[in-house]
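Asker: Predicted model follows, preceded by the sequence.
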Amino acid sequence: MRKARIVLPIEGMSCASCAVTVQEALAAAPGVTSAAVNYATAKAAVDYDDGQTNVGQLIKAVRAAGYDCGKATVTFNVTDLHYAPSVAPLERALADVRGVIRAVANQATETVTVDYVPGVTTAEDLERAVASAGFEVAEPIAAEDPVERERIARQREIRTLTGKFALAAVVAVVAMAGSMLLMADRPAGVHGTFKQFDLLGRLLMPLAVALREWVSSACSRSPSSPGPASSSTRAPGAACAIARRT
């Protein structure tokens, strides 16, 4: 027995007796261990065995009682889906995501349509499921909530800029060490040790300059979000500022 818990948004309830009706319908569904429906919040908290039932079955129980469950639908593109021998692994991976009601993949159009419960399933959960099935989304999945969509986009931007800054910083440090050797006034020695470092410095300095310009261009292209910046969004800005001064 694998215990699971989900909170479903219930639509169509007009009084407290409606909540009782939905609660009884959910409690009678196979695999459900407990159900509690709150009329004030229009939500149902359900504990169930996910080996015996799933979210789709729970929603069917709600509809059979004469009510409905709020859901959202998202359609996104998957890269090279038409080359796959079968879409079954992708559909299974998405169906296993908590809160997903239905997932249908179309090889001809290379698209996947997913019905899910808002607030339970996120765009990042769906993208991870696609990756676990061996596929890749063509572009980030748009979240239903604009605030959530902006948060996801900002997190991706932070990861990208942080990676670029770290790479540029490492190369800049190595190049700086090489340039310091260029200014050494000691003789090269019998084996030409400093001549070798001189060559290393001359090779790494242009690379460091190119990386600095790369990071600076990425910073200039990154969109700025309105409102006060949080601590997480200030980090890339600081990194960009350092990169420009390097």
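Answerer: Now that the structure is in, tell me what you want to look at.

Asker: Parallel or antiparallel, list what pairs with the strand ranked longest in the chain.
Answerer: For the chain, the strand that runs over the most residues, judged by DSSP state E, is strand 3-11. The strands beside strand 3-11 in its sheet (DSSP bridges) come out as strand 43-49 (antiparallel), strand 68-69 (antiparallel).

Asker: Let me have those strands in a markdown table, adding distance to residue 11 as columns.
Answerer: Yep, even glycine has a C-beta here, placed from its N, CA and C like the rest. Listed next are these as a markdown table, based on distance: least, C-beta to C-beta, whole Å:
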| stretch | distance to residue 11 |
| --- | --- |
| strand 43-49 | 11 |
| strand 68-69 | 4 |
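
Asker: Break the chain into its domains for me.
Answerer: With automatic domain parsing as the criterion, the domains of the chain are listed as 3-69, 72-132, 146-245.

Asker: weakest of the ones you listed by average pLDDT?
Answerer: When the domains of the chain are ranked by mean pLDDT, domain 146-245 comes last with a mean of 58.

Asker: So what touches the longest strand of the chain?
Answerer: Contacts to strand 3-11, defined as C-beta atoms under 8 Å, 6 or more residues apart in numbering, come from residues 19, 22, 33, 37, 42-50, 55, 58-59, 62, 67-70, 98-99, 117-120.

Asker: cool, and stretch 94-107?
Answerer: Residues from elsewhere that reach stretch 94-107 (C-beta under 8 Å, 6+ apart): 4, 6, 54-56, 59, 71, 78, 81-82, 84, 87, 90-91, 111-117, 119-121, 125-126, 129-130, 133.

Asker: For it, measure first residue to last.
Answerer: Separation of the first and last residues of stretch 94-107 by C-alpha to C-alpha, to the nearest Å is 15 Å.

Asker: buried stuff in it?
Answerer: By neighbour count on 16 or more other C-beta atoms under 10 Å, the buried set for stretch 94-107 is 94-95, 97-103, 105.

Asker: In strands only, show me those.
Answerer: Per DSSP E, the buried residues of stretch 94-107 map to strands at 100-103, 105.

Asker: so what's residue 31 up against?
Answerer: Residues near residue 31 by C-beta under 8 Å, 6+ apart: 48-53, 57.

Asker: Could you do residue 70 as well?
Answerer: By C-beta under 8 Å, 6+ apart, residue 70 lies in contact with 8-11, 117-118.
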